[in-house]
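Visitor: Quick one, fold the following:
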Amino acid sequence: MFENFPHPILLAHRGDLAHAPENTLPSFTQAIQKGADGVELDAKLTSDGHVIVIHDSTVDRTTNGKGKVASFSLDEIRKLDAGAWFDGKFAGTKVPLLEEVFETVGRDKLINIELTNYSTPRDGLAKKVCELVRKHNNQKQIIFSSFFASNLKIAEQTLPEAPRGLLATPGVLGLWARSFGFMFGNYQALHPHISSTSREQMQRAHRLQRRIHVWTANTPEEIHRLKDWGVDGIFSDDPAAALRALGRGG
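Guide: Numbering: from 1, shown residues only. I've put the predicted structure just below:
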């Protein structure tokens with residue numbers, strides 16, 4: 001799948017996060033219009049089992065509501081405004097269903113789905129997402145990622161043809177994931193934070209014939225450095241600026 005895209009790939013982190021409310025259809029639309037190779041999003045389940053796209057475990061920061069995402073039904077969460085907090089021109093924007101993002105992005109771009117049931121680890125999210133991907137038959141454009149190895153194991157068992165990236169937290173807490181966890185797990189990519197990334201780490205991953213996709217790079221200096229080190233993928237909050245830094249922007 002990756003051979004059909006430039007190297008390194010540029011994935012818009014929660015969409016065009018710098019210019020639109022994160023994880024919403026306008027944000028993903030703008031990212032694609034600006035030339036991103038794909039988008040990154042955060043998947044969660046509603047209380048009645050629908051896969052929606054929102055980052056936090058609560059709706060407080062990115063909507064006009066309050067409470068845990070897992071306590072809302074789909075109908076309840078769709079009544080919230082997920083755009084006005086960012087800018088009045090986005091007022092009325094809804095928390096999207098994952099299937100709506102599939103339709104918005106289309107089939108010729110990559111979609112990195114982070115399985116983010118970190119506060120509800122036994123809710124069945126990974127299996128439900130895999131079922132949706134299979135229903136849409138778009139596994140050739142999907143990358144799964146998660147900090148939970150258990151989520152990626154379920155994805156491997158349910159949808160083995162879709163590549164998986166192990167997310168690693170910065171600093172000492174992510175050391176195991178960046179080393180032994182990644183080396184001995186069946187992953188196609190490591191997704192480390194930019195603050196815990198090095199040229200040597202990339203060389204080590206490449207010796208294992210695996211990829212490195214780094215989050216989150218926003219300055220030209222960061223992007224130039226990662227490209228020089230041989231990074232395979234970059235997550236950025238500002239896809240247009242990142243593409244310019246890669247020499248691919250208008």
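
Visitor: which stretches of this protein form strands?
Guide: Under the criterion DSSP state E, the chain contains strands at 9-13, 38-45, 51-53, 110-115, 142-146, 164-168, 189-192, 211-214, 233-236.

Visitor: Who does the last one pair with, and is each partner parallel or antiparallel?
Guide: Meaning strand 233-236. strand 9-13 (parallel), strand 211-214 (parallel) (DSSP bridges).

Visitor: Quick one: end-to-end distance for stretch 132-140.
Guide: Using C-alpha to C-alpha, to the nearest Å, the end-to-end distance of stretch 132-140 comes to 13 Å.

Visitor: shaky segments in this structure?
Guide: Within the chain, the stretches with pLDDT under 70 are 250.

Visitor: which residue lies farthest from the center of the chain?
Guide: Going by C-alpha atoms, centre = their mean, the residue of the chain most distant from its centre is residue 88, 25.6 Å out.

Visitor: That one and residue 81: what is the separation?
Guide: 11 Å (C-beta to C-beta, to the nearest Å). C-beta coordinates here come from the backbone N, C-alpha and C atoms, glycine included.

Visitor: quick one: the spatially most central residue of the chain from residue 137, how far?
Guide: Nearest to the mean C-alpha position of the chain, counting by C-alpha atoms, centre = their mean, stands residue 40 at 2.8 Å. Computed as C-beta to C-beta, the residue 40 to residue 137 distance reads 21 Å.

Visitor: Show me which residues of the longest helix anywhere in the chain are buried.
Guide: Identified as the longest helix of the chain according to DSSP state H is helix 125-136. Using 16 or more other C-beta atoms under 10 Å as the test for burial, helix 125-136 gives 125, 126, 128, 129, 130, 132, 133.

Visitor: May I see these arranged in CSV, with distance to residue 49 as well?
Guide: Output for those, formatted as CSV (distance: C-beta to C-beta, whole Å):
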residue, distance to residue 49
125, 10
126, 13
128, 7
129, 12
130, 14
132, 11
133, 16
